[in-house]
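Visitor: Sharing a model prediction with you, sequence too.
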Amino acid sequence: MNKNPGNKSVLIFVDSDSQIFGALPHAHAFRDKGWQVVFGLGDAGSIPAAALDRLGGAFETFPLEYTEVAGHVLDAGYNVVGVFSKASKIHRVRQQVEQKCNGENVRRPGLFTAFNGFTYERFEEGLAWRVGYDLIALNGPRDVASLQDFLAFGECSKQPYRISGLKPSRLREAGEASRPDKKVFVFAEQVIVPRSRAQRLYLVAELRRLALDNPDWTLKIKCRVKKTERTFHRVSYHFQDLLARLGPTPANLEITYQGMPELLREATLFGTISSTAFFDALHEGVPSIVFSDFGIANALGTHAFAGSGVAVRLKDLGSLSEIVGLMPNAGWLEWVGAANVEAGQVAGYFDGKAFHGHQFEPQYLDARAVEVWEETKKRFVFGAVLSRMIGMFRK
């Protein structure tokens, strides 16, 4: 398959900012083992600039839609292909690569996929689309337990996997200057956490109040995307608009679109509701907290932080300096995959390995499943458009 013997190469397909963040640790691990790493960017025009900056010129990138992956793989001769996408696309890329290689009677590359960051909900649904890859990367024992329960009694019970952990990509090179003495609290906003206008306005108001109560601190609200950008989810109530409704903005409070690596280099304290950036901050040695004001809710991802030991009610928070020393529960960190995990497990699995195709084809996840999914989506879109048209006529 490889048209350049001796030159090990891996194509990593991504189609959103969050997928880039999830793929970067694997890209670095492959590169450390001497592999050539190339990123194919699906829907490249919609990926926020901050996410593209995370690639930082370290890797070759080019636009590549998911329907083009199979043909490109055949032409370029990659040894391994990593797929970081969503729902049926993950399954379709694998299916198309296998069909293309079988049709040309050539050995296909190794195929792997992963979960980009901490998986809060619908893990089994995501796993169903990933079953059949040569390797699935999991975060930690928590994910392994769920996988084993889900696949225990089916033909896919021997699905290969490796724990790759939640260790993030490198944010700081050795020898860089340490953080300045200035006290900086970075809060990571999430596009749909919380979702409602009332809850998001409450969150912004409390952060504004926190800035007023801590004049010796600088508070930076890191928004996921600008108002003109989009990510996997649509932004309904942007923090920039909500903050403007609350009156004058304190001098020590700002909304920023800086990259997370730069922000964490200067951060004294990090906070979020349930962003995966929590683990980036821990890896950087930044004391981190999660706000529990909205309770335990799977839809918010807050249930996953139960037992973390760093849950704090924003409404009750006064002095930021008093919680800088708060540390997460060591047992919880190990359970979710954020402690003592070797980041290069996937690259190590494929390094020097020969491939002869997958060992099974899940019967419940074939082309028919994709067809049903697509048909359902079409009906949903048609129904939504029809409903809107009827509403317009009634006015």
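Guide: Thanks, I have the structure now.

Visitor: Confirm for me that residue 194 is in contact with residue 300.
Guide: Yes: the pair residue 194 / residue 300 is scored as a contact, 6.3 Å apart, by Cβ atoms under 8 Å. C-beta here means a position set from N, CA and C on the backbone, and glycine is covered the same way.

Visitor: what residues are shared contacts of the two?
Guide: 273, 294 (Cβ atoms under 8 Å, 6 or more residues apart in numbering).

Visitor: residues contacting residue 212?
Guide: Residue 212 neighbours (Cβ under 8 Å, 6+ apart): residue 250.

Visitor: What helix or strand is it located in?
Guide: Taking DSSP states H and E as the criterion, residue 212 maps to helix 197-213.

Visitor: and the angle from the helix or strand just after that helix to helix 197-213?
Guide: Going down the chain from helix 197-213, the next helix or strand is strand 218-222, by DSSP H and E. In terms of direction (axes from the mean of the first three to the mean of the last three Cα atoms, to 10 degrees), strand 218-222 departs from helix 197-213 by 160 degrees.

Visitor: Kindly export the helix or strand that strand 218-222 is followed by (C-alpha atoms) in CSV.
Guide: Sequence order places helix 239-244 as the next helix or strand after strand 218-222, per DSSP H and E. Only the C-alpha atoms of helix 239-244 are listed here, as CSV (Å, rounded to 0.1, in the frame of the first residue of the first chain):
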residue,chain,number,x,y,z
PHE,A,239,-21.3,36.0,26.0
GLN,A,240,-20.2,39.2,24.3
ASP,A,241,-23.8,40.3,23.9
LEU,A,242,-24.9,39.1,27.3
LEU,A,243,-22.1,41.0,29.0
ALA,A,244,-23.0,44.2,27.2
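
Visitor: What lies in contact with helix 239-244?
Guide: Against helix 239-244 from outside (Cβ under 8 Å, 6+ apart): 189, 197, 200-201, 204, 208, 221, 223, 227, 249, 253, 255.

Visitor: and the following helix or strand past it, average pLDDT?
Guide: Downstream of helix 239-244, the first helix or strand assigned by DSSP H and E is strand 253-256. The average pLDDT for strand 253-256 rounds to 97.

Visitor: for strand 253-256, the distance to its chain's centre please.
Guide: 23 Å (Cα atoms, centre = their mean, to the nearest Å).

Visitor: List the buried residues in that strand.
Guide: Along strand 253-256, these residues count as buried under the neighbour rule (16 or more other Cβ atoms under 10 Å): 253, 255.

Visitor: Adjacent strands (with direction) for that strand?
Guide: Each strand paired with strand 253-256, and its direction, by DSSP bridges: strand 218-222 (parallel).

Visitor: What are the buried residues along the strand it pairs with?
Guide: Buried-residue list, strand 218-222, by 16+ other Cβ under 10 Å: 218-222.

Visitor: What are the boundaries of the helices in this structure?
Guide: 17-32, 49-55, 69-76, 87-104, 123-130, 141-151, 197-213, 239-244, 260-266, 277-283, 330-336, 345-350, 367-394 (DSSP state H).

Visitor: Turn the ones you listed into a markdown table, including distance to residue 160 and mean pLDDT.
Guide: Below are the helices of the chain laid out as a markdown table (distance: least, Cβ to Cβ, whole Å; pLDDT from 0 to 100):
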| stretch | distance to residue 160 | mean pLDDT |
| --- | --- | --- |
| helix 17-32 | 15 | 91 |
| helix 49-55 | 28 | 83 |
| helix 69-76 | 20 | 95 |
| helix 87-104 | 14 | 92 |
| helix 123-130 | 11 | 92 |
| helix 141-151 | 11 | 94 |
| helix 197-213 | 41 | 96 |
| helix 239-244 | 42 | 92 |
| helix 260-266 | 31 | 91 |
| helix 277-283 | 24 | 90 |
| helix 330-336 | 21 | 93 |
| helix 345-350 | 8 | 92 |
| helix 367-394 | 21 | 55 |
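
Visitor: now those in a markdown table, with distance to residue 289?
Guide: Listed next are the helices of the chain as a markdown table, based on distance: least, Cβ to Cβ, whole Å:
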| stretch | distance to residue 289 |
| --- | --- |
| helix 17-32 | 21 |
| helix 49-55 | 23 |
| helix 69-76 | 40 |
| helix 87-104 | 32 |
| helix 123-130 | 25 |
| helix 141-151 | 21 |
| helix 197-213 | 12 |
| helix 239-244 | 19 |
| helix 260-266 | 14 |
| helix 277-283 | 9 |
| helix 330-336 | 14 |
| helix 345-350 | 29 |
| helix 367-394 | 38 |
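
Visitor: Residue 320 is nearest to which of those helices?
Guide: Closest approach to residue 320 among these is made by helix 197-213 (7.2 Å; Cβ to Cβ).
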